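Q: Quick one, what's the 3D model for this:
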Amino acid sequence: MSQSLLLDVPVDLIKDPRAWTVEDIGVWLLWLGIGEHAEAFAARGVDGRILLQLSAESAWADLGVTDSAQQRVLDSAVEPLRCFQDAEGAESGLALHAIEGPVAGEVFFVGAGGVTGGRHCASNGIVLSENYVSRRHFQITRDRAGHHLLQDVGSTTGTFLMVREELPLDHQTVREVAILAQAWGFPSPATLRVELSDECTSLNANPFARGAEVPCCAGSEKCLKDWHADDNFYYKCLTSCTEIPCCAGSEKCFGEWNADNNFYYKCAVKCTVDAYHPHFNTEPDYLDIASRARGVKGNVGQLADNYYLVVGDQGGCSGGCDKCCLMQQKVAAKMKKYVLNRRRKNPSSTLLFVLAVGDNFYWMGAKAGRFKATWADVYGEELTSVPWFAVMGNHDYGNDDPEVACPNVVPRFTCDKTNLDSPACGAPKPYSTESQHYAGNQLNADKGGVDGELRRNFHMPDFTFYYRIPELDFELIAMDTNWYDRDNAGGNGYGNNAGALELRKVCGSTDKVISYFRHVLDASDTILRERASAAESRNVAIISHYPDEFMQGRNLRKDFVKAMPADKQGGVRAYNFFGHTHVQKCSGYDGSGCVDFLTGGSGGCCSTKDVPAGFVAIAWNNLGLQEVECMANYGKNPAACSVWNFYNLAQTGASSNGTLASERGVPADVCEHTSDEPSCPNYWAPGHHK
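A: A predicted model of the protein is given here:
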């Protein structure tokens, strides 16, 4: 080998690539910037020997790397490893790790042919850019006995190495070279201070990778095992040779469990995030709402006495911004007044239920105690004595509900063949019989949700579900569409100090969180198509969190109607409710009037100038069809369900976001917790993804 080989890898991987373990491959992928594929490589048992046999797009694609740019990165990174493998004397070469100076962090492998160093890039294997370094300054050679020798080659600037005679290069020499360099008067620290990487063998590495044994580093021991069940026994350095296996029913899973770029194994019930199987009761009206409805089942009154309310982005109390609780309370007071006034005018008036389209608990989801402080105490007995049906918004998937997206790691509750007869899993008529884990705080209490009996009327039987009331010819379809805003979970994503960092930790990677969102969306879409095909109700309400513009232009109402049998499409009145944007607005019409309702203005976030705020009221007419009774800027009496004045709640003083946010009445703590507020500099407009 005529010149040295630069082995450009993390220092822990400075060894024969054929000795790389599966864990080493994960570290290498992370270092390349494509750590999201580490799990797939690990699942296929890709170690150093297998890696060196891979090439071509098809091989990478088989491992899940389909992006052409990432495939090129892998091709470029693997080729030097093959050269390392093939180079004469590579296994017994010398690795130099530059720890200071302009090449700090680089690793140079010195093979049989040695290496030279200096300022001239064309003639040196180690290039140093300082002007006091000669074009060709020093060389490292290897003698017949395999010892490496350091020597000055006659620099004209006065060598900072001060080595006139050949000097054996060992660990003590390295320290002497650094001292001599500083004593000569050149800038400190020295330009090329190196440490030999073979002082000890790091964790998960083979201590015999270079031929002779290099002892394991302190705190680890040499362990012999058939690591890949291929009858190939070799040593690795581990903290203990006695591996404690995962308990029965759990697996050894590879992930970034502390969100610190450190990948390792831990035991979890299941490593992968698989297809989602919702479990809820499909028996019509199992809550017996129709027993209270007027004009049905022999009940006094008429259909027009019945109505429901819809709110969104309402959960500001006890967890949201400084003034968001007051905003939520003001909308809640308006709701109570609406119910009382309607009953005052018509004693038979009956509120049947309330729908909530997500962001039920700012900033970062529900935790124990929030159902009292954010729901029961705010809305009172009048509004919480009827069922609420809710879906999740992006803020609901936050650090206060950290296990929600990856219940496969440590399940709190599981529906499977052993408990399909339980109400929690949908008995007596469950939607699914497949196994599904759960660990979410907003889910019904019998499914592991928090706050027990107090939140009995707050219903989230699953993240996607449907509910039918045949007597009212009504059907609710609840959908989780958070995949469309997958990078904005917890309000501002998965980074350090961000709102969904803890989800990333629990799942072991951001990719697993996003995979969960994808599977839940797929399950939601399946339910939407199935219910459209069944076409069992003339009145349909669809609830989800996002407007069309945040879902790549998709409209769930149109999707539903299109999937119905052609002869049924003209007879359905489907309403589509969503939030995320914090105002009240009719976003779509058909011949019957408003059919797409933006109702994200129920006070939980974020600005006192997010007006009109409020809620939506939907009633039945005496023909049995639902119709809009109250909506901001729509119909005969929009003021009854609208709030136009939050000025008395406006934040005083400077906002942390400066003039723009302050002028909009944005409390000082909003922008640091959310990317949903348009006046914040971190606002994520529709379609924004990393």
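
Q: quick one: pLDDT of residue 88?
A: According to the prediction, residue 88 has pLDDT 36.

Q: just the one 3 residues further on next, same as before
A: Per-residue confidence for residue 91 comes out at a pLDDT of 38.

Q: Going by neighbour count, list what's buried in stretch 36-46.
A: 36, 37, 38, 39, 40, 41, 42, 46 (16 or more other C-beta atoms under 10 Å). The C-beta positions use only the backbone N, C-alpha and C, and glycine is treated the same way.

Q: just stretch 220-239 next, same as before
A: In stretch 220-239, counting by 16+ other C-beta under 10 Å, buried: 220, 222, 223, 227, 234, 235, 236, 237, 238.

Q: What is the nearest of these to residue 517?
A: Residue 517 lies nearest to residue 227 out of the buried residues of stretch 220-239, by C-beta to C-beta, at 34.7 Å.

Q: May I ask you to name the longest helix in this protein?
A: helix 510-534 (DSSP state H).

Q: Can you spell out which helices and strands pack onto the next helix or strand after that one?
A: Downstream of helix 510-534, the next assigned helix or strand under DSSP states H and E is strand 539-543. Counting contacts by 3 or more C-beta pairs under 8 Å, 6 or more residues apart in numbering; DSSP states H and E, strand 539-543 packs against strand 306-311, strand 350-356, strand 474-478, helix 556-563, strand 573-578.

Q: just to revisit the earlier point, mind putting the buried residues of stretch 36-46 in a markdown table, distance to residue 70, secondary structure and pLDDT included?
A: Below are these laid out as a markdown table (distance: C-beta to C-beta, whole Å; DSSP: H, G, I helix; E, B strand; the rest coil; pLDDT from 0 to 100):
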| residue | distance to residue 70 | secondary structure | pLDDT |
| --- | --- | --- | --- |
| 36 | 9 | helix | 87 |
| 37 | 8 | helix | 90 |
| 38 | 13 | helix | 89 |
| 39 | 15 | helix | 88 |
| 40 | 12 | helix | 88 |
| 41 | 12 | helix | 89 |
| 42 | 17 | helix | 88 |
| 46 | 15 | coil | 88 |
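
Q: Need these in CSV (columns: distance to residue 670).
A: Converted to CSV, the buried residues of stretch 36-46 look like this (distance: C-beta to C-beta, whole Å):
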residue, distance to residue 670
36, 31
37, 36
38, 36
39, 36
40, 39
41, 41
42, 40
46, 45
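
Q: what's the closest of those to residue 578?
A: Looking across the buried residues of stretch 36-46 and measuring by C-beta to C-beta, the closest to residue 578 is residue 36, at 29.9 Å.

Q: Now do the contacts for the closest one.
A: 509, 510, 511 (C-beta atoms under 8 Å, 6 or more residues apart in numbering).

Q: Equivalent analysis for residue 431, please.
A: 278, 279, 280, 281, 282, 462, 465, 527.

Q: tell me the pLDDT at it?
A: For residue 431, pLDDT reads 98.

Q: Kindly provide the distance from it to residue 622.
A: For residue 431, the distance to residue 622 equals 33 Å [C-beta to C-beta, to the nearest Å].

Q: Check residue 525 too.
A: Counting by C-beta to C-beta, the gap from residue 525 to residue 622 is 35 Å.

Q: which of those two has more neighbours?
A: residue 525 (16 against 10; other C-beta atoms under 10 Å).

Q: residues in contact with that one?
A: residue 479.

Q: Is it possible to get a markdown table of the buried residues of stretch 220-239 that adds pLDDT and distance to residue 294?
A: A markdown table is the format used below for the buried residues of stretch 220-239 (pLDDT from 0 to 100; distance: C-beta to C-beta, whole Å):
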| residue | pLDDT | distance to residue 294 |
| --- | --- | --- |
| 220 | 80 | 74 |
| 222 | 87 | 79 |
| 223 | 86 | 74 |
| 227 | 68 | 71 |
| 234 | 79 | 78 |
| 235 | 84 | 79 |
| 236 | 81 | 73 |
| 237 | 82 | 75 |
| 238 | 79 | 71 |
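
Q: Can you tell me which of those residues end up in helices?
A: With helices taken from DSSP H, there is no overlap with the buried residues of stretch 220-239.

Q: Just give me the closest of those residues to residue 408.
A: Out of the buried residues of stretch 220-239, the member with the shortest distance to residue 408 (by C-beta to C-beta) is residue 227, at 25.5 Å.

Q: Lovely, talk soon.
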